[in-house]
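# 3D, please:
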Amino acid sequence: MKNNLCTVFLAGDVCASVGVRAVTNLLPKLIERESIDFCVINGENATGGIGLSSGDAEAILAAGADVITGGNHSFEKRDHWPVLDVNPAVLRPANFPSRGLTAEESLPGHGMGIYEKNGHTFAVFNVQGREDMTALDCPFVYMRTALETLSLKDSGAMILVDFHAESTQEKEAFALMLDGKVSVVAGTHTHVQTADERVLPGGTAYITDLGMTGPWRSVIGSAPEISIKRNITQVLYRMEAAEGAGALRGLLVYIDPETRKAISVRRVEVIEETV
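Next up is the predicted model:
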C-alpha cells in the first residue's frame, strides 16, 4: 500500500545477538518489499540482553533503522552511555528525572529527536511508563507538555511515540490521551506482540506491544530450559539468551503526510528460515 502514503515501520525490543542478527538479515528485505520510508527500532536489550553498545547500534542502523529507542535498561551499563551522547539517532526515555540535577548528576542522551527523510519530517519520542516499573517523571504530563512546548503541529512532522511500559492499561490510557495529536503510539517492553493493532478514532495508530525481535524459541528472549527450571525450583538461576532462529516483529503504519493521521496498520512477524 502506497498511494502517496508514508510507510513507517516500528519494531519491538531487539534481544541479544540473535535479535541483532535478525535485524541485519530481515530488515533490509522488509524495507525493500514494503517500500518503508522510515524505521524506528527499540534496542534497549540488544547487547547481551541489557543495554545497547555502540557496535550493536551501528549494526542496527546499518541494516536500515533510522532511530533506535531505549527503555529501562538504557542506563544499566555505564560503558554503553557514550553512544547516547554521540549518536543523535539513539534515544533513551525522555522522562528520566532532569529538573534540579547538577551537572554531575545529569544523564546523557535525549528522549526525542526530529529527523528528515524521503521528503518527510518525523519527530520521535521515547517515553517510559511507571506502573510496575521505576517511578520516573510522569509520562503523561511530560508528553502533554512536550507537544505544547515544541509546537510540532506547525512543523508538518509525523509524531511517532515509543511508550516503553509494563502495564496494558497505562499504555491504552496514554494512547487515548494522545489520539489525534500524534501519528503513532507503539508500546514496547513486554517482549510479547499483542493483537490489538488499530487506528484510534482521532487517527493515531496504536498497538499495546510491538513484541520482541530476537530468538523465536525462547521465553521472552531467554533460554527455555533455564526459564522452566527457574519456575519449577523457584531458584533464580542466571538467565541466558536463547539461540536459534530469530524473528523480526513490529508494526507497519500507513500515514497520510498531509494530515499526519494514520490510515491503516499491519502487524508484522518475519522469521529467519535458516541460521
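# Which strands and helices lie in contact with the lowest-mean-pLDDT helix or strand in the chain?
Lowest by mean pLDDT, DSSP states H and E among the helices and strands of the chain is helix 82-86, with a mean of 87. Packing partners of helix 82-86 (3 or more Cβ pairs under 8 Å, 6 or more residues apart in numbering; DSSP states H and E): helix 54-62. All C-beta atoms are positioned from the backbone trio N, CA, C, and that covers glycine.
# Which pLDDT value goes with the most centrally placed residue in the chain?
The chain has N42 as the residue nearest its centroid, 3.2 Å off, counting by Cα atoms, centre = their mean. Per-residue pLDDT puts N42 at 98.
# Outside of the least confident helix or strand of the chain itself, list whatever touches it.
L52, S53, S54, A57, G70, S74, V90, R92, P108, G109, H110 (Cβ atoms under 8 Å, 6 or more residues apart in numbering).
# mind showing which ranges of this structure have poor pLDDT?
For the chain, the stretches with pLDDT under 70 are 1-2, 99-104, 151-154, 274-275.
# mind running it again at 80?
Within the chain, the stretches with pLDDT under 80 are 1-3, 98-106, 150-155, 242, 274-275.
# What segments of it are helices?
For the chain, the helices defined by DSSP state H occupy 16-34, 54-62, 82-86, 139-150, 168-178, 224-233.
# List the buried residues for the last one?
To tie it back to what came earlier, the one meant is helix 224-233. For helix 224-233, the neighbour count (16 or more other Cβ atoms under 10 Å) marks S227, R230 as buried.
# May I have that helix exported as PDB, CA atoms only?
Output in PDB follows, covering the C-alpha atoms of helix 224-233 (Å, rounded to 0.1, in the frame of the first residue of the first chain):
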ATOM      1  CA  PRO A 224      13.600 -22.000  27.700                       C
ATOM      2  CA  GLU A 225      15.400 -24.700  29.700                       C
ATOM      3  CA  ILE A 226      16.700 -22.200  32.300                       C
ATOM      4  CA  SER A 227      13.300 -20.400  32.400                       C
ATOM      5  CA  ILE A 228      11.500 -23.700  33.000                       C
ATOM      6  CA  LYS A 229      14.000 -24.700  35.700                       C
ATOM      7  CA  ARG A 230      13.600 -21.400  37.500                       C
ATOM      8  CA  ASN A 231       9.800 -21.800  37.600                       C
ATOM      9  CA  ILE A 232       9.900 -25.400  38.800                       C
ATOM     10  CA  THR A 233      12.600 -24.800  41.500                       C
END
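# Can you spell out which helices and strands pack onto it?
For helix 224-233, there is no helix or strand it packs on, judged by 3+ Cβ pairs under 8 Å, 6+ apart.
# got a list of what A16 touches?
A16 is in contact with N45, A46, T47, G48, G49, G214, P215, G221, A241, A242, counting by Cβ under 8 Å, 6+ apart.
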